[in-house]
Structure formats: C-alpha cells, structure tokens
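Asker: starting from these lines, generate the structure:
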Amino acid sequence: MKGEKIPYNMLNQDPYSTWLGIEIIECEVGRCKVAMTIRKEMLNSMQKAHGGISYSLADTAFGFAANTHGKYAVSIETSINHIEALNEGDFLTAESVIEKVTNKLGFNIIEVKRGDELVALFKGVVYRTQKDWTEN
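Answerer: Modelled structure (predicted):
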C-alpha cells in the first residue's frame, strides 16, 4: 500500500478518531496534518477542552505520519505540553513531521494549533515493526 494512503485506511478502522471528528487535511510520506472541532461533550468541569482531546488529536496525527513509511509503527513513548486552554467551537489542527527515522524507531514532533496559534506541543517515539501495510 502506498504510504500516503495508509492514514486514510487507518482512519476508516478507527472509531475513536471518527467519534472525535478528526479529518485528514494533508498527507505524504513522513508527514500528516489532521483537524477537528471541539464539541461540548469534550469539555471538562471548567468548560475548557479536556487535555485528552488535544492529546488525542496529536496522537492521531503522530500515528498516521509514523505509518506512512509502509510498516506498522506503534507508539512507545509520548508526551505533551498544553500551552493554551481550548474552548468549545475551537478548530484545531495537528501536524506531525517525522524528525528522524531509523530502522526500528521513529521520532516525531507534533504541533497542535488553533489557527496560527500554537496551543500544544507533542513529542512521540514509535517502534517500527517489520509488518507491512497491505491492501485490504
């Protein structure tokens, strides 16, 4: 399967990302940009987006980009810095760019933005398996 098609296949098999309303905006080998809008049921007790929402958006971008090389890649370490509070109706994008890929590991930085404003910064490491993505 061609690398840039893999994230679309992944999204079709991902009920959680679908529930979040995540859409793929751009995708190429080594890079993926996704987007979503924060809904009321994603808010915490302070009427701000739960931290898990921006984390999930970034994690989805991370997973999609990491798999564009054609091998199954699974997360082994992630972290996020929440920079700005998020509100219902905010439209967020998350772009994952692979900073470095070795035979077994991939290192990604993901920027989560509200428009041009950086609202979260996510870092992830994946383990690249030997299993190939194939056409279903």
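
Asker: just the strands in this structure please.
Answerer: 23-28, 31-37, 71-82, 91-101, 105-114, 117-132 (DSSP state E).

Asker: give the buried residues for the shortest one.
Answerer: To tie it back to what came earlier, the one meant is strand 23-28. Neighbour counts over strand 23-28 (16 or more other CB atoms under 10 Å) mark 24, 27 as buried. In short, each C-beta sits where N, CA and C put it, glycine included.

Asker: follow-up on the earlier one: can the strands of the chain go into JSON lines with extra columns for mean pLDDT?
Answerer: Shown next, in JSON lines, are these (pLDDT from 0 to 100):
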{"stretch": "strand 23-28", "mean pLDDT": "96"}
{"stretch": "strand 31-37", "mean pLDDT": "97"}
{"stretch": "strand 71-82", "mean pLDDT": "96"}
{"stretch": "strand 91-101", "mean pLDDT": "89"}
{"stretch": "strand 105-114", "mean pLDDT": "94"}
{"stretch": "strand 117-132", "mean pLDDT": "95"}
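
Asker: and the closest residue to residue 39 other than its chain neighbours, how close does it get to residue 59?
Answerer: Distances taken as CB to CB, 6 or more residues apart in numbering put residue 88 closest to residue 39, at 6.7 Å, once the chain neighbours are dropped. Here residue 88 is placed at a distance of 21 Å from residue 59 (CB to CB, to the nearest Å).

Asker: give me the more crowded residue out of the two.
Answerer: residue 59 (21 against 14; other CB atoms under 10 Å).
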